[in-house]
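Engineer: Build me a model from this:
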Amino acid sequence: MNSVHVRRIAGEDRMRIRFTYCHNDLGKARIFNLDRLQSEDLGTTLARLQANVIKYLAPKKRKKLKKLASNPASNMETIPQTDDINVALENEIPVKLHCNGKELESTLSNAEAWAEGHQLNIGQEGLTIELNPPCVTVLKLPESIMVGFPIYPKFTTEFAENENCLFTWYTSDSVSNQEGTPSSSKDKLKEEWMEVHQGYSYSPQIEDLGCQIKVKCIPQNNSKDRQGEPTEAVSKRTVEAGPGSCPFEVRHLYTTNQCGPASFRVMSYNILADLYADSDFSRDQLYPYCPPYALNIDYRKQLLMKEIKGYNADIICLQECDTKVFKSDFSPALSPDGYEGLHRSKHGETPEGCSTFYRKSKFKFVAEHDVFLTEYFETSEECKDLNNKVSKNEVLMEKLKARHTTMQVTILEPQEENKQKLCVATTHLFFHPRSPNIRLLQAITCLRHLAKIRKIYGRDIPIIFCGDFNSTPDRGVYELVTKKTIPSNHTDLYAGGQEEFVSDLDLSHDIAFQSASGTPTYTNYVGGFSGCLDYIFISDMLGVNQVIPMQNHQDIILNSALPSVTFPSDHLALVCDLTWIDSS
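Structural biologist: Predicted structure coming up:
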């Protein structure tokens, strides 16, 4: 760094000053950091800056003089006292701030003085001020790093465009101790790093087994004409073997290539939120057959990303996607592959929800029409008749209001000419096995909203309605979606007993849906339950070209059930290739 990096934001009280200084005769360069008030006068700040430099250099100066005095050929009789050394350094290393060669007044405020292009002079060295340069504020590597599975750094920046940041990857065969600190010296370790890749992600190779990984990030601004200081992060652990080849890679044989013109690939996947996977309850009760390390999100997200990317889908719909995982992992990891992502968390404080990604070369974004189902049920004109009846049953209404379910609705427009806009809706209905009546009310709310979408964009707009419906093909939700109606005395409406029953509910709609993914034997396979809960429903303006075969059952039960060391979720992904049907 041959400049001064100054972070100064209008409206904030404090500012940060960061620079590297090296005295020619007194050792190596050192980075100095100061945090000061913007309102403080320049003279006070420069005095503090000089004091910090002298505090670092004085012991080195004294050590050098002591060594000189011990030399018989030296004429030095006594070693100067510390105060004398400090005074000498103050005279030797004056600190001034200049603008166009003119020294600035010490009475100026920091906010006025520390400006772009001004020069900080420390002794004979001049450092140019860079105001608010691109910088990396956080850079971390995952704890679990495995051969054959892509890793992505978690990083945040200021005054930079994340997509423009430059990444370089290195490996080293230095062995780490248990705390993750390299056993060799830092200088020696730096010499051993070998560059292996450039780009946002890196998949460790078999030759990296037992090595540490380092990533270097150089931040850049939006126009790529300004770079910031490089920042590095080193893995705490060495590269491990991992699970090897995962069974889902067999499904990738059907999705090696992207879809061609006039068709597109859709994936729907409940990826098991970290919120529900990595807890004492999940480890001891829900998934006791799964090793605890395989429930950790650092482990699972590497499997998830390899699986998701391998399907080459044009539209990706995820349920149980942690908000933090969407922002820190999935969105930055999929962006370099040409995807744009949107996320809708569940209502309230639940930090997970639905995410939709689309390939930008295939589609462009038009609009969002997301809804919180309970709120929509209570306030929308589309559900007014249902709300009037259900609200008279306080027990049922309170049970419905306690749910925070959302439906994410995204309108896309194909990049191909003469193709209609497309409605992509995804949801995750209430899970409790004894609440099919709640799921029916949630499903009809979704369908009423989709009917409204058709009023906005035209009755012929193709619709994809996918997700985790928590309902098997023999239950009411599947019947309602595919047959357009269910009788008011349907068994599922009595699930809560007489106290939750409401008579004469009109549960019907007019959208012709079919399950593009069929009804597999199961999409959810856990200890004590297996069944088909997930679907990709499509309206009659879409057709099916290909359904990617489901996983071999023997692969599932090899490790008892889902999730496992080779399957990152308790659900299986649904993948199918769709095509447009000409309405004419």
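Engineer: just checking, M15 touches N110?
Structural biologist: Yes - counting by Cβ atoms under 8 Å, M15 does reach N110; the two are 6.0 Å apart. No exception for glycine: its C-beta is placed from N, CA and C like everyone else's.
Engineer: which residues are common contacts for the two?
Structural biologist: Any residue near both M15 and N110 by Cβ atoms under 8 Å, 6 or more residues apart in numbering counts here, and that gives R8, R36, L37, Q38.
Engineer: Just want to check the distance between the closest residue to the first one other than its chain neighbours and R36.
Structural biologist: In space, not counting the residues next to it along the chain, R8 is nearest to M15; the distance is 4.2 Å by Cβ to Cβ, 6 or more residues apart in numbering. When distance is defined by Cβ to Cβ, to the nearest Å, M15 is 6 Å away from R36.
Engineer: ok, longest helix in the chain?
Structural biologist: Scanning the chain for the helix with the most residues, using DSSP state H, yields helix 42-69.
Engineer: what packs against it?
Structural biologist: Packed against helix 42-69 by the contact rule (3 or more Cβ pairs under 8 Å, 6 or more residues apart in numbering; DSSP states H and E) you find strand 14-21, strand 30-37, helix 82-92, strand 95-99, helix 110-113.
Engineer: Which one of the ones you listed lies nearest to F501?
Structural biologist: Closest to F501 of these, according to Cβ to Cβ: strand 14-21, at 62.1 Å.
Engineer: The helices and strands packed on helix 42-69: which one's closest to R439?
Structural biologist: Nearest to R439 among those is strand 14-21 (52.3 Å), distances taken as Cβ to Cβ.
Engineer: the inter-axis angle of the closest one versus strand 95-99?
Structural biologist: 110 degrees (axes from the mean of the first three to the mean of the last three Cα atoms, to 10 degrees).
Engineer: for the protein, what are the low-confidence residue spans?
Structural biologist: Low-confidence segments of the chain, defined by pLDDT under 70, are located at 1, 69, 72-78, 174-191, 583-584.
Engineer: May I see the buried residues of the longest helix of the chain?
Structural biologist: Within helix 42-69, the residues that count as buried by 16 or more other Cβ atoms under 10 Å are 42, 45-46, 49-50, 52-54, 57-58, 61-62, 65.
Engineer: now those residues in JSON lines, with distance to D25?
Structural biologist: Converted to JSON lines, those look like this (distance: Cβ to Cβ, whole Å):
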{"residue": "L42", "distance to D25": "28"}
{"residue": "T45", "distance to D25": "26"}
{"residue": "L46", "distance to D25": "23"}
{"residue": "L49", "distance to D25": "20"}
{"residue": "Q50", "distance to D25": "18"}
{"residue": "N52", "distance to D25": "19"}
{"residue": "V53", "distance to D25": "14"}
{"residue": "I54", "distance to D25": "14"}
{"residue": "L57", "distance to D25": "9"}
{"residue": "A58", "distance to D25": "13"}
{"residue": "K61", "distance to D25": "8"}
{"residue": "R62", "distance to D25": "13"}
{"residue": "L65", "distance to D25": "11"}
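Engineer: How many neighbouring residues does the residue lying closest to S435 once chain neighbours are set aside have?
Structural biologist: Leaving aside its sequence neighbours, S435 sits nearest to A495 (Cβ to Cβ, 6+ apart; 6.5 Å). With neighbours defined by other Cβ atoms under 10 Å, the count for A495 comes to 20.
Engineer: same thing with G101?
Structural biologist: 6.
Engineer: now swap in the one 5 residues further on and tell me
Structural biologist: For S106, the number of neighbouring residues by other Cβ under 10 Å comes to 15.
Engineer: likewise D385?
Structural biologist: In terms of burial, D385 registers 12 neighbours under the definition other Cβ under 10 Å.
Engineer: what about it, which SS state?
Structural biologist: Three-state assignment for D385 (DSSP: H, G, I helix; E, B strand; the rest coil): helix.
Engineer: For it, give me its contacts.
Structural biologist: Contacts for D385 were tallied using Cβ under 8 Å, 6+ apart; they are D506.
Engineer: try it again with 10 Å
Structural biologist: For D385, the contacting residues are R448, L505, D506, taking Cβ atoms under 10 Å, 6 or more residues apart in numbering as the criterion.
Engineer: Over to R359?
Structural biologist: Applying Cβ under 10 Å, 6+ apart, the residues contacting R359 are 258-259, 264-265, 312-316, 334, 337-340, 412, 415.
Engineer: any idea how far it is from G496?
Structural biologist: Using Cβ to Cβ, one gets 43 Å for the distance from R359 to G496.
Engineer: In PyMOL, select just the buried ones from the contacts of D385.
Structural biologist: Written as a PyMOL command, the selection of buried residues from the contacts of D385, which uses 16+ other Cβ under 10 Å, is:
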select buried, resi 448+505
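Engineer: Mind checking which of the contacts of D385 land in helices?
Structural biologist: Among those, the members falling in helices are R448 (criterion: DSSP H).
Engineer: Mind putting the contacts of D385 into a markdown table with distance to S435?
Structural biologist: As requested, those are exported to a markdown table (distance: Cβ to Cβ, whole Å):
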| residue | distance to S435 |
| --- | --- |
| R448 | 20 |
| L505 | 16 |
| D506 | 20 |
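Engineer: The residue nearest to S435 reaches L440, doesn't it?
Structural biologist: Yes - using Cβ atoms under 10 Å as the test, A495 is close enough to L440 to be in contact (8.9 Å).
Engineer: What strand or helix carries the residue nearest to E499 when sequence neighbours are not counted?
Structural biologist: The spatial neighbour of E499 that comes closest, neighbours along the chain excluded (Cβ to Cβ, 6+ apart), is V395 at 5.1 Å. Taking DSSP states H and E as the definition, V395 sits inside helix 394-401.
Engineer: So what touches that helix?
Structural biologist: In contact with helix 394-401 (Cβ under 10 Å, 6+ apart) are residues 373-375, 377-378, 387, 389-391, 393, 430, 432, 435, 437-438, 441-442, 445, 493, 496-497, 499-502.
Engineer: List buried residues within those.
Structural biologist: Among the contacts of helix 394-401, those scoring as buried are 373-374, 377-378, 387, 390, 393, 430, 435, 437-438, 441-442, 445, 493, 496, 500-502 (criterion: 16+ other Cβ under 10 Å).
Engineer: Contact partners for R251?
Structural biologist: E307, G310, Y311, I548, P549, M550, Q551, N552, L572, A573, V575.
Engineer: Next: D577.
Structural biologist: Contacts here follow Cβ under 10 Å, 6+ apart; on that basis D577 touches 254-255, 259-260, 263-266, 313-314, 516, 543-548.
Engineer: How about H98?
Structural biologist: H98 is in contact with L104, H118, Q119, L120, N121, G126, counting by Cβ under 10 Å, 6+ apart.
Engineer: Sort out for me which of the residues you listed are in helices.
Structural biologist: In this view, the contacts of H98 have no member that belongs to helices under DSSP H.
Engineer: Which among those count as buried?
Structural biologist: The neighbour-count test (16+ other Cβ under 10 Å) marks L104, H118, Q119, L120 as buried among the contacts of H98.
Engineer: Report the beta-bridge partners for the third one.
Structural biologist: Listed beta-bridge partners, Q119: H98, T128 (assigned using DSSP bridges).
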